[in-house]
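In: Can you look at this prediction? I've put the sequence above it.
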Amino acid sequence: MKGYALKALEISEEEQYDEGIMHALDQLGVMERNDSNYAEALVYHNRCFALAESQQAEYWLLRSYINLGVVYRRINMYEEGLQNFLHAFHLAEKLKNDKEIASCLGNIGTLYLSLRKIDEAMGYFRMSLDKAVEMNNYQGLAISYGSMGRVFEIWNMPDSAQYCYEQNLYYSTGWNDNNGIAISYGSLGNVAKKRGELSKALDYYQKALEMSIVVGDRNYIAPNYANLGALCLQLDDTDNAEKNYRLSLQTAQDVGLKSVMAEALGGLSATYEKQNRLKEALEASRRQMLLKDSVLNEENLQRIEYLKIAFEVQQKEQTIAALQVMNQIEQLKNKQKQTALLISFGMFVVLLLFITLYARYIRQKRLFAEQRILQFEQEKQLVATQSVLDGETRERTRLARDLHDSLGSMLMGVKLNLLEMKQGAMLSYADVGRFDKALGLLDKSVHEMRRVAHHLMPDSLSRFGLKSAVNDFCGNLPTVRFSYYGDESRLNPKLEVMIYYCIHEMVNNALKHAGAENIMVQIVRKPDQISFTVQDDGCGFDTSALPQGMGLENIRTRVAAYNGILDIDSKAGVGTEINVDISLT
């Protein structure tokens, strides 16, 4: 298909057929987007946008706005995505294009769903559904019901979710959308699984897999095998679980779906563990961890690349605009020269004054554009930093959960098996001593594993909030005193994690590097601000030449990601006080 679109673009460009060029660019951009090649998709959609704008082709301008919005949403550039969808919505209203109006509403809802603004997302999905009902548009009805089903799943309303997914299946079947049918079956399987209706879930997942195979889209085939594997594992059917996870892994490898490969390896590890194939379970788990690290790194690199491409596209557009202005100025100057021969000296003075004022306006406009570019670059750097911090938090949570749930359970199982062996075996006095010593070492290993898991992501932080987590951390250190003042309501979970690890790093620095005997930790919560301070009586340092290796740069990066202000007051031989202020508005 892509080959035909490229050929159509080539022929249209040779014939200078603008309508054909825009159509081909639109299709190529959609194809690259569907293949997750977002950089290439941005190039095609921006080319289509530029040509549509120059030709005043409002329909293709509308299409470009929608397509650019979808790409920006998928690469988490939500502000740019929303701006494009709103431009598209107003243009669709102007053109009275009800189909694209419904599409804009649904896309805005999906964007808000990505931002976890569930109520706003549902409002747009309902408006999109109403518009689809007016037109009796089966495609729009299928998409709207599917989107609303995801919201009802988040709200834990399985009956409403199932109804929406059944409607999604009905309308997808009505307009012969096999891909939509496969997704509908998968969604119905998820609802049945959550309800504990495992036989129904198995049937839905099997239908989803069969339809995905008919479509031939391995991007959906691999996850469907994984869903079947997880359900078989839950049903203790380890043979079929292993079979489906292996098929999922092989299919995902063929198309390079690393996240699905990681999921399949995790499922195989759990399956091998149930089958008591511990060596294979450990190897699968090791491969999964390596793959997840690779996926995380690739996602961060892709995010940076997308930001770079978006910035370069913006620069090119500004360069084109500047050239157009310069051409206009040049044409104006030539015209003025010709006109100057026919007008009086006084009129020439007026025109000269006009040129001077216009040049000043252009300079001011250029300076403003440069300031805006600098501002956008700073904002994008903050977004990239926030993405890295979010990835670190997710990885800490995952590692803590894996250590506590998987490795902890395995170690306790080893201990129980050893105790059972001891009861049924005849051991000499010396062997009993060595056996008990081994059990003691195993207990210490379990304790150390739980301590590491707690350090990675304290359970009290996610369950009870910042105050409880910091209080637990400081309570375990005899030289640390903790005080909390103000409102104790929960903050944004990401902000709580950031503050906790900043305090953790500051206290560790005071203990390890400053030799502090007394450390005071204080948090002050105001309606529009939160501040935290770590003060110690350690050796201090010269703030004009900050020492290396104390983690201060890491703290600065975390605080800067939330537009916070960090202040360090330290004197050699007196101690150090670090204060951070973060606005909540």
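Out: Yep, it's here.

In: From here on, just use CA atoms for contacts and neighbour counts.
Out: OK.

In: so which helix or strand takes in A359?
Out: Assessed by DSSP states H and E, A359 sits inside helix 345-401.

In: Show me the chain divided up by domain.
Out: Listed by automatic domain parsing, the domain ranges of the chain are 1-77, 318-402, 415-456, 463-583.

In: The helix holding A359 - what's its average pLDDT?
Out: Taken as a whole, helix 345-401 has a mean pLDDT of 68.

In: do stretch 211-226 as well
Out: Average pLDDT, stretch 211-226: 86.

In: try stretch 54-72
Out: The model assigns stretch 54-72 a mean pLDDT of 93.

In: Buried residues of that stretch, list them for me.
Out: 58, 60-72 (16 or more other C-alpha atoms under 10 Å).

In: can you tell me which of the residues you listed are in helices?
Out: 58, 60-72 (DSSP state H).

In: how close does G540 sit to A514?
Out: 6 Å (C-alpha to C-alpha, to the nearest Å).

In: With D536 instead?
Out: 8 Å.

In: same thing with A284?
Out: In terms of C-alpha to C-alpha, A284 sits 43 Å off from A514.

In: what's the answer for D239, then?
Out: 57 Å.

In: For the two, work out which one has more neighbours and name it.
Out: A514 (21 against 14; other C-alpha atoms under 10 Å).

In: got a list of what that one touches?
Out: In this structure, A514 makes contact with G538, C539, G540, G575, judged by C-alpha atoms under 8 Å, 6 or more residues apart in numbering.

In: which SS state does E488 fall under?
Out: coil (DSSP: H, G, I helix; E, B strand; the rest coil).

In: and what of R116?
Out: Applying three-state DSSP: R116 is coil.

In: Any stretches of the stretch 401-550 of the chain with poor pLDDT?
Out: 401-432, 436, 439, 442, 445-457, 545-550 (pLDDT under 70).

In: tell me the contacts of T576?
Out: Applying C-alpha under 8 Å, 6+ apart, the residues near T576 are Q535, D536, D537, G538, C539, G540, F541, I568, D569, S570.

In: Now do the phi/psi pair for the first one.
Out: Right, Q535. Dihedral pair for Q535: phi -120, psi 140, per degrees, to the nearest 10.

In: Same question for the fourth one.
Out: G538 adopts backbone torsions of phi -80, psi -160, taken as degrees, to the nearest 10.

In: any idea how far it lies from Q56?
Out: 69 Å.

In: Likewise for the last one?
Out: Using C-alpha to C-alpha, one obtains 63 Å as the distance from S570 to Q56.

In: In the helix or strand encompassing A270, which residues are buried?
Out: Taking DSSP H and E as the criterion, A270 maps to helix 258-274. Under the neighbour-count criterion of 16+ other C-alpha under 10 Å, helix 258-274 has 258-273 buried.

In: Return the list of helices and strands in contact with that helix.
Out: Helices and strands touching helix 258-274, by 3 or more C-alpha pairs under 8 Å, 6 or more residues apart in numbering; DSSP states H and E, are helix 218-234, helix 238-255, helix 278-340.

In: now the angle from it to helix 218-234?
Out: 20 degrees (axes from the mean of the first three to the mean of the last three C-alpha atoms, to 10 degrees).

In: between helix 258-274 and helix 238-255, how big is the angle?
Out: 160 degrees.

In: what about helix 258-274, average pLDDT?
Out: Average pLDDT, helix 258-274: 90.

In: For G29, list the residues it contacts.
Out: Contact analysis of G29 by C-alpha under 8 Å, 6+ apart lists E40, A41, L42, V43, Y44, H45, N67.

In: Restricted to helices, list these.
Out: E40, A41, L42, V43, Y44, H45, N67.

In: secondary structure element for E210?
Out: Counting by DSSP H and E, E210 is part of helix 198-215.

In: Check Q522 too.
Out: strand 519-526.

In: Check E577 too.
Out: Secondary-structure assignment from DSSP H and E places E577 in strand 575-583.

In: Buried residues, that strand. List them.
Out: G575, T576, E577, I578, N579, V580, D581, I582.

In: Please apply the same query to stretch 488-503.
Out: Quick answer for stretch 488-503 (16+ other C-alpha under 10 Å): L495, E496, V497, M498, I499, Y500, Y501, C502, I503.

In: same question, stretch 96-106
Out: D98, K99, E100, I101, A102, S103, C104, L105, G106.

In: So which of the residues you listed are in helices?
Out: Among the buried residues of stretch 96-106, DSSP H puts D98, K99, E100, I101, A102, S103, C104, L105, G106 in helices.

In: ok, now which ones touch the residue nearest the centre of the chain?
Out: In the chain, the C-alpha nearest the mean C-alpha coordinate belongs to N76, at 6.1 Å (C-alpha atoms, centre = their mean). Going by C-alpha under 8 Å, 6+ apart, N76 touches no other residue.

In: do you know how far it is from V507?
Out: 34 Å.

In: In three-state terms, label F482 for me.
Out: Per three-state DSSP, F482 ends up strand.

In: Start the count at 22 instead of 1 going forward.
Out: Sure, I'll start numbering at 22, so the last one becomes F503.

In: ok, S565 to K592 distance?
Out: Distance from S565 to K592, by C-alpha to C-alpha: 11 Å.

In: can you check M541 too?
Out: 17 Å.

In: More neighbours: which of these two?
Out: M541 (17 against 14).

In: was I right about the more buried one contacting L498?
Out: No. If you go by C-alpha atoms under 8 Å, M541 and L498 don't touch, sitting 11.3 Å apart.

In: quick one: contacts for D480?
Out: Neighbour list for D480: A490 [criterion: C-alpha under 8 Å, 6+ apart].

In: how close does it sit to G90?
Out: D480 is 38 Å from G90, by C-alpha to C-alpha.

In: Over to N240?
Out: Going from N240 to G90 by C-alpha to C-alpha gives 22 Å.

In: do the same with I234
Out: Note on I234: its distance to G90, by C-alpha to C-alpha, is 30 Å.

In: cool, and R502?
Out: Taken as C-alpha to C-alpha, the span from R502 to G90 is 50 Å.

In: what do you get for I175?
Out: Distance from I175 to G90, by C-alpha to C-alpha: 24 Å.

In: Give the buried residues for stretch 25-32.
Out: A26, L27, A29, L30.

In: Spit out the contact partners of the third one.
Out: For A29, the contacting residues are G41, I42, A45, taking C-alpha under 8 Å, 6+ apart as the criterion.

In: coming back round to it: for the helix holding A291, list the C-alpha coordinates in CSV.
Out: The C-alpha trace of helix 279-295 is given here as CSV (Å, rounded to 0.1, in the frame of the first residue of the first chain):
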residue,chain,number,x,y,z
LYS,A,279,9.6,-5.1,22.7
SER,A,280,7.0,-4.2,25.3
VAL,A,281,4.9,-7.3,24.2
MET,A,282,8.1,-9.4,24.2
ALA,A,283,8.7,-8.3,27.8
GLU,A,284,5.2,-9.2,28.8
ALA,A,285,5.5,-12.6,27.2
LEU,A,286,8.8,-13.3,29.0
GLY,A,287,7.2,-12.3,32.3
GLY,A,288,4.4,-14.7,31.7
LEU,A,289,6.8,-17.5,30.7
SER,A,290,8.8,-16.9,33.9
ALA,A,291,5.6,-17.2,36.0
THR,A,292,4.5,-20.3,34.1
TYR,A,293,7.9,-22.0,34.6
GLU,A,294,7.8,-21.2,38.2
LYS,A,295,4.4,-22.9,38.6
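
In: Give me the distance from that helix to the chain's centre.
Out: 22 Å (C-alpha atoms, centre = their mean, to the nearest Å).

In: can you list contacts of that helix?
Out: Counting by C-alpha under 8 Å, 6+ apart, 243-244, 247, 250-251, 254, 259, 262-263, 266-267, 269-270, 273-274, 299, 301-306, 308-310, 312-313, 316 sit against helix 279-295.
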